[in-house]
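# Here is my input, please return the structure:
(chains A, B, C and D)
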There are 2 protein chains.
Amino acid sequence: MTSLPSGRRAPRGSLSAAATRRVERPAPLRQAVYDALLELIVNRTLAPGQHLVEAELAEYLGVSRQPVREALQRLQTDGWVDLRPAQGAFVHTPTEEEADQLLAVRSVLETYSAKLAAEHATASDVKLLRKLQKAGEEALVTANVERLVKANADLHAAVAAIGRNKVLSEMIGLVDRRVRWYYTPIARPRSRDSWNEHAELVTAIADGDAERAGEVMHNHAEQTRQTYHDRKTPESSTDSD
Amino acid sequence: MTSLPSGRRAPRGSLSAAATRRVERPAPLRQAVYDALLELIVNRTLAPGQHLVEAELAEYLGVSRQPVREALQRLQTDGWVDLRPAQGAFVHTPTEEEADQLLAVRSVLETYSAKLAAEHATASDVKLLRKLQKAGEEALVTANVERLVKANADLHAAVAAIGRNKVLSEMIGLVDRRVRWYYTPIARPRSRDSWNEHAELVTAIADGDAERAGEVMHNHAEQTRQTYHDRKTPESSTDSD
DNA sequence: CTCGTCAGGATTGCATACAGTATACGGACA
DNA sequence: TGTCCGTATACTGTATGCAATCCTGACGAG
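Numbering: from 1, shown residues only, chains lettered A, B, ... in the order given. So this is what the prediction gives:
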């Protein structure tokens, strides 16, 4: 290290360039492991209820047990796995009840988020929303499931971000990801309606109409909840919410 | 270990005694460490911004670094410490902005919680609430800060539990603890008002009036938020919310 | 006097080793 | 044949060791 060019320093330029966020930190291994395991859980490679053996995961990922354990810790507090003392980690099995409760909480948080967004939205914020809305519509016509899901997530995340409440944003992010995990594989015959509602939402936010934005989002979320309950017909389809 | 009386077995008697919950599991050390550290943070023994050195904590608690690390992981995801890669753990320093955002989220969650409670409350639930309310009133007249804080936390937790939404309860628990951490040491000149509002709340819940319960709780939470903002007079006092 | 460079100590991140506990299997006895 | 018990195995929980990285402060050049 004695003769290495000190490449860790921030690039030259005015200090105001700090808008580019912090310098890239060494990226701890546990974070990578967390992401990897989460991906495996969400895409069902690791099935709900499955017993996760630390040693196996460690070998599979090419690391030692230590970072795996730390990742499992976080996965537990985020609700993705259950950690039973002296027995190990199990992929969380969502119950009917829990899914509904989660959808209810999501509804409340998203409604508030929409209100805040309507109060804070700037011109460029609206522009971004319109762009995301457009991306969603396009994904809709091409029937690209992958893109639909992503577009939906992006839009909701953008609304949360506009609200300027970081605590709320993080919470919504967490809840939304779990909702998608429960909900996506089951039923989604309402992508068309969903994006119409999104359009309404964006309009309300653009108008700065907090009351209406909250109302629209509330209905939007409750529709999703309803759809979840009505799914006794395992009709395949692609919802984006 | 071969000749020890098998003292871990459940006491003799009918199996139906299982109502006493599960057998005490080996109680992982990390949990104890988590609780210990959280206590130290909440009571300000570990000051905000302070650098937490793993080795020191380990020695202080009489364990190795491993369980300390795992506890720190959880403390991070719960928002109590910041874990900077390759630098270590620092007690989280709450900003003005963050505290307000947290209070806002709390308001939303608690409002919903109150509505649910009004819809689900049984006779025995109401009885419990009345008991907790009474405990609070007593703590109020004896001006016992410790008991006041606890009584308040108990009441809110009970309301959340009555709502029968576990996801919501957990979230409220998390948020409330952090709110108390930020808020308690600063200003609390409204214990009297606070408990009057509690009384109103309990009544609304007992009547099964969801609309009103939500309204009361909303005002209650917003009052707290307001008080937080108005505290430019660091007048010592004892709030319970 | 300011800035760049570099050694030294301290601390984290990861890997490995050991001990304790839970589950599974197999044999003995009623 | 069914039940109970003892042993074996597998896995988790905890402890320790080592390398990489970061921060501090001092020294020297401009």
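
# Could you list which residues are in contact with the most centrally placed residue in chain A?
Note on chain A: the residue nearest the mean C-alpha position is A:Arg177, at 3.8 Å, using Cα atoms, centre = their mean. Taking Cβ atoms under 8 Å, 6 or more residues apart in numbering or on different chains as the criterion, A:Arg177 is in contact with A:Val42. From N, CA and C alone the C-beta is placed, and that goes for glycine too.

# what's the angle between the helix ranked longest in chain A and helix B:96-120?
Assignment by DSSP state H gives helix A:96-120 as the longest helix of chain A. Here helix A:96-120 points in a direction 130 degrees away from that of helix B:96-120 (axes from the mean of the first three to the mean of the last three Cα atoms, to 10 degrees).

# what about chain A, any weak spots by pLDDT?
Low-confidence segments of chain A (pLDDT under 70): A:1-26, A:186-189, A:232-241.

# Report the separation between A:Gly163 and A:Val202.
Computed with Cβ to Cβ, to the nearest Å, the distance linking A:Gly163 and A:Val202 is 14 Å.

# Then A:Thr227?
From A:Thr227 to A:Val202 the distance is 21 Å (Cβ to Cβ).

# Let me know how buried the residue in chain A positioned nearest to DNA strand D is, in neighbour terms.
Closest contact between chain A and DNA strand D, by Cβ to the nearest atom of the strand, is at A:Gly88 (3.0 Å). Neighbours of A:Gly88 under the rule other Cβ atoms under 10 Å in any protein chain shown: 14.

# beta partners for it?
A:Arg84 (DSSP bridges).

# more neighbours, A:Thr227 and A:Val202?
Here A:Thr227 and A:Val202 are compared on neighbour count by other Cβ under 10 Å; more neighbours surround A:Val202, at 23 against 20.

# so the more buried one touches A:Leu129, yeah?
Yes. Using Cβ atoms under 8 Å, A:Val202 is in contact with A:Leu129, at 4.7 Å.

# Mutual contacts of those two, please.
By Cβ under 8 Å, 6+ apart, no residue touches both A:Val202 and A:Leu129.

# any idea where the strands of chain A begin and end?
For chain A, strands defined by DSSP state E occupy the ranges A:51-52, A:81-84, A:88-91.

# now for those strands, which one comes closest to A:Tyr34?
Of all the strands of chain A, strand A:81-84 sits nearest to A:Tyr34, with 11.0 Å by Cβ to Cβ.

# how far is that closest one from where the chain is centred?
21 Å (Cα atoms, centre = their mean, to the nearest Å).

# if you look at it, does any of it touch DNA strand D?
Yes. Strand A:81-84 reaches DNA strand D (Cβ under 7 Å from any atom of the strand) through A:Leu83.

# ok, residues contacting that strand?
A:Ile41, A:Leu52, A:Leu72, A:Gln73, A:Leu75, A:Gln76, A:Ala89, A:Phe90, A:Val91, A:His92.

# residues near whichever residue of chain A sits closest to DNA strand C, how many?
Minimum separation of chain A from DNA strand C (Cβ to the nearest atom of the strand) falls at A:Leu29, amounting to 2.5 Å. By the criterion of other Cβ under 10 Å, A:Leu29 has 16 neighbours.

# That one contacts A:Gly62, correct?
No. At 10.1 Å, A:Leu29 does not count as touching A:Gly62 under the criterion of Cβ under 8 Å.

# Contact residues of chain A facing chain B?
Residues of chain A lying near chain B by Cβ under 8 Å from any Cβ of the partner chain: A:25-28, A:69-70, A:73-74, A:77-78, A:85-86, A:98, A:101-102, A:104-105, A:108-109, A:112, A:165-168, A:171.

# My understanding was that A:Ala139 contacts A:Arg147; is that so?
Yes. Counting by Cβ under 8 Å, A:Arg147 is a contact partner of A:Ala139 at 3.8 Å.

# ok, these two, which is more surrounded?
A:Ala139 (22 against 17).

# who touches the more buried one in this structure?
By Cβ under 8 Å, 6+ apart, the contact list for A:Ala139 reads A:Arg147, A:Leu148, A:Lys150, A:Ala151, A:Ser240.

# Among those residues, pick out the one closest to A:Leu116, please.
Once Cβ to Cβ is applied, the member of the contacts of A:Ala139 that ends up nearest A:Leu116 is A:Ala151, at 21.6 Å.

# What residue, apart from its backbone neighbours, is nearest the closest one spatially?
Excluding the flanking residues, the one nearest A:Ala151 by Cβ to Cβ, 6 or more residues apart in numbering or on different chains is A:Gly136, at 3.9 Å.

# Report how many residues lie close to the one you found.
A:Gly136: 22 neighbours (other Cβ under 10 Å).

# Might you report the residue contacts of it?
A:Leu148, A:Ala151, A:Asn152, A:Leu155, A:Trp195, A:His198, A:Ser240.

# Write a ChimeraX command that selects only the buried members of the residues you listed.
Listed next is the ChimeraX selection for buried residues among the contacts of A:Gly136, using 16 or more other Cβ atoms under 10 Å in any protein chain shown:
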select /A:148,151,152,155,195,198,240
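
# how about A:Val159, what does it touch?
A:Glu110, A:Ser113, A:Ala114, A:Ala117, A:Leu129, A:Leu201, A:Ile205, A:Met217.

# These into JSON lines, with extra columns for distance to B:Thr184?
Converted to JSON lines, these look like this (distance: Cβ to Cβ, whole Å):
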{"residue": "A:Glu110", "distance to B:Thr184": "30"}
{"residue": "A:Ser113", "distance to B:Thr184": "28"}
{"residue": "A:Ala114", "distance to B:Thr184": "32"}
{"residue": "A:Ala117", "distance to B:Thr184": "31"}
{"residue": "A:Leu129", "distance to B:Thr184": "39"}
{"residue": "A:Leu201", "distance to B:Thr184": "38"}
{"residue": "A:Ile205", "distance to B:Thr184": "36"}
{"residue": "A:Met217", "distance to B:Thr184": "33"}
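
# can you list these in TSV and add neighbour count?
Shown next, in TSV, are those (neighbours: other Cβ atoms under 10 Å in any protein chain shown):
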residue	neighbour count
A:Glu110	24
A:Ser113	28
A:Ala114	28
A:Ala117	29
A:Leu129	23
A:Leu201	27
A:Ile205	28
A:Met217	28
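
# Can you pick out the most distant pair from those?
Among these, A:Glu110 and A:Leu129 lie farthest apart (Cβ to Cβ), at 14.5 Å.

# coming back round to it: list the buried residues for the longest helix of chain A?
Applying a neighbour-count criterion of 16+ other Cβ under 10 Å, the buried positions in helix A:96-120 are A:98-118, A:120.

# same deal with stretch A:33-49?
Neighbour counts over stretch A:33-49 (16+ other Cβ under 10 Å) mark A:Val33, A:Tyr34, A:Ala36, A:Leu37, A:Leu38, A:Leu40, A:Ile41, A:Leu46 as buried.
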